[in-house]
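S.K.: return atomic coordinates for the entry below.
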Amino acid sequence: MQEFYKIVQSATKEQRKNLAELTESAFGDAPDILCNHVRYLRAGSIGQLFWNDSWKQVVTDVADRISIDWATTFSGRQWRDLETQEIETAVVTKLFQNMLEQLSPEQRQKLVIEMKRDSSDPALESLLLSGSVMTIAKMSGFGVYLLASTVLGGLTNGLGITLPFAIYMGMSQGIALILGPVGWAALAGGILFTLNQPNWNRLTLAVVYVSMLRNQEEFIVTTY
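M.R.: Numbers count the residues shown, from 1 in each chain. Okay, here's the model as predicted:
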């Protein structure tokens, strides 16, 4: 879990607090506590004592849980050849595609238009509507940040989690208002349907949020 520890250690206090809220960490938001909590979410109260796998393994387990097509998404590359960040991005983009599938064509177009307002990338629309996780995964860090914040907005609404709007810096007010709270909850319901254990739901939120943290620097540079 060294990779996860380094990420949360470099995060701000507020960001760690948000992560603790997302994962229901009852004992605080210190980096070591968050690491132990992820172990608990993955292996249970007893299993965590013996579970010593990496953050990459956690992300991979979540990817398997949401049915990532490994061969297609990563062009036949083997797991050992992938960076953890690549798998995180694949998780975010697969969840985003699942979200799009829950929308009507009109709603889908509105969502993409709102996301384009936050990006100067002319290829963003075609990437978002391509239907290919592998294609979307080629987006810039800023594009991935937009996806992660949008997915996080849907998931947290679906789970009834309330976080400061500032956490969704990549998600415009327009995106948040397209469907309204009820619509977002229904949207997230389609995503979470296959995640039939609370620990998997929380681990998925952790993966999406860590992806946001990894890509936030490019977001800040682009917008400021």
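S.K.: next, count neighbours for the nearest residue to residue 19 once chain neighbours are set aside.
M.R.: Residue nearest to residue 19 in three dimensions, not counting chain neighbours: residue 209, with 5.6 Å by Cβ to Cβ, 6 or more residues apart in numbering. To be clear about C-beta, it is placed using only N, CA and C from the backbone, and glycine gets the same treatment. Neighbourhood size, residue 209 [other Cβ atoms under 10 Å]: 28.
S.K.: look at residue 209 and report its pLDDT.
M.R.: Residue 209 is assigned 93 on the pLDDT scale.
S.K.: and residue 10, how many neighbours does it have?
M.R.: 10.
S.K.: same thing with residue 50?
M.R.: For residue 50, the neighbour count with other Cβ under 10 Å is 8.
S.K.: can you tell me how far the closest residue to it other than its chain neighbours sits from residue 61?
M.R.: Leaving aside its sequence neighbours, residue 50 sits nearest to residue 43 (Cβ to Cβ, 6+ apart; 7.4 Å). Noted for residue 43: a distance of 10 Å to residue 61, by Cβ to Cβ, to the nearest Å.
S.K.: of those two, who's got more company?
M.R.: Ranked by neighbour count (other Cβ under 10 Å), residue 43 and residue 61 place residue 43 first, with 17 against 14.
S.K.: so that one sits against residue 52, correct?
M.R.: No - look at residue 43 against residue 52 with Cβ atoms under 8 Å: they stay out of range, at 9.6 Å.
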